[in-house]
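Chemist: predicted model and sequence below, questions to follow.
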Amino acid sequence: DGGITQSPKYLFRKEGQNVTLSCEQNLNHDAMYWYRQDPGQGLRLIYYSQIVNDFQKGDIAEGYSVSREKKESFPLTVTSAQKNPTAFYLCASSITGHSGGELFFGEGSRLTVL
Amino acid sequence: GNSVTQMEGPVTLSEEAFLTINCTYTATGYPSLFWYVQYPGEGLQLLLKATKADDKGSNKGFEATYRKETTSFHLEKGSVQVSDSAVYFCALSDRGPRDTGRRALTFGSGTRLQVQP
């Protein structure tokens, strides 16, 4: 079945460690996105990529990094510079990067910093 | 900039009650509007969408009409079920003459719906 796969579903990290969240899609979509979800705050955009080898900062990019070396993959690294990384992270994709298109979401990764 | 405002939750209803979740937006261009639903522990799923003024999106008994004059996209359902309990997000995707180059949805803060048997 086509879809978006995020891993791991749950992740625990000690302070000062970098962690990488995986996002893979087999929908042949050009665009991919990372959102962060905190209770009562909805979704906030971290990074997005409209095409391979290109990505743009969203609203809350500080302390995060991404890469887009392959069309199907868009991993997110949460670095030690991110002051409050405990959150639910959602990856999404869309057919193209053009506005107006539906986003397809993965099931999310919950990161907890101990 | 773009923004979406939703009514705060939780909204608690009895089964078969009528549901309205308000959503208003601010956008610089001609947005498409969406409602997404999130069940516990899961990602978001598209519930319905409308791409231009006066369009009505509908799915699974839910409806929302794109009202440009009131910049609103309120979600309604005539008779809710326990299985409708979830968090509902209103979102917009802007497109228009002033192209910011940004191609991502802007989400509201979400409204939790709890339906009791």
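Modeler: All right, it came through fine.
Chemist: for A:Tyr48, which non-adjacent residue is closest in space?
Modeler: Spatial nearest neighbour of A:Tyr48, chain neighbours left out: A:Tyr33 (4.4 Å); criterion: Cβ to Cβ, 6 or more residues apart in numbering or on different chains. Placement of C-beta: from N, CA and C, glycine included.
Chemist: report the contact partners of the one you found.
Modeler: By Cβ atoms under 8 Å, 6 or more residues apart in numbering or on different chains, A:Tyr33 lies in contact with A:Leu45, A:Tyr47, A:Tyr48, A:Ser49, A:Gly58, A:Phe74, A:Cys91, A:Ala92, A:Ser93, A:Ser94, A:Leu103, B:Ala104.
Chemist: can you give me phi and psi for the second one?
Modeler: In this case it means A:Tyr47. Main-chain torsions, A:Tyr47, degrees, to the nearest 10: phi -150, psi 160.
Chemist: which strand residues bridge it?
Modeler: Taking DSSP bridges, one obtains A:Trp34, A:Lys57 as the residues bridged to A:Tyr47.
Chemist: what is the burial count for it?
Modeler: Neighbour count for A:Tyr47, taken as other Cβ atoms under 10 Å in any protein chain shown: 23.
Chemist: settle this for me: it is touching A:Ile60, isn't it.
Modeler: No - applying Cβ atoms under 8 Å as the test, A:Tyr47 and A:Ile60 come out as separate, 9.3 Å apart.
Chemist: kindly report the residues of chain A close to chain B.
Modeler: Residues of chain A lying near chain B by Cβ under 8 Å from any Cβ of the partner chain: A:4, A:6, A:31, A:33, A:35, A:40-43, A:45, A:48, A:50, A:56, A:58, A:90, A:92, A:94, A:97-108.
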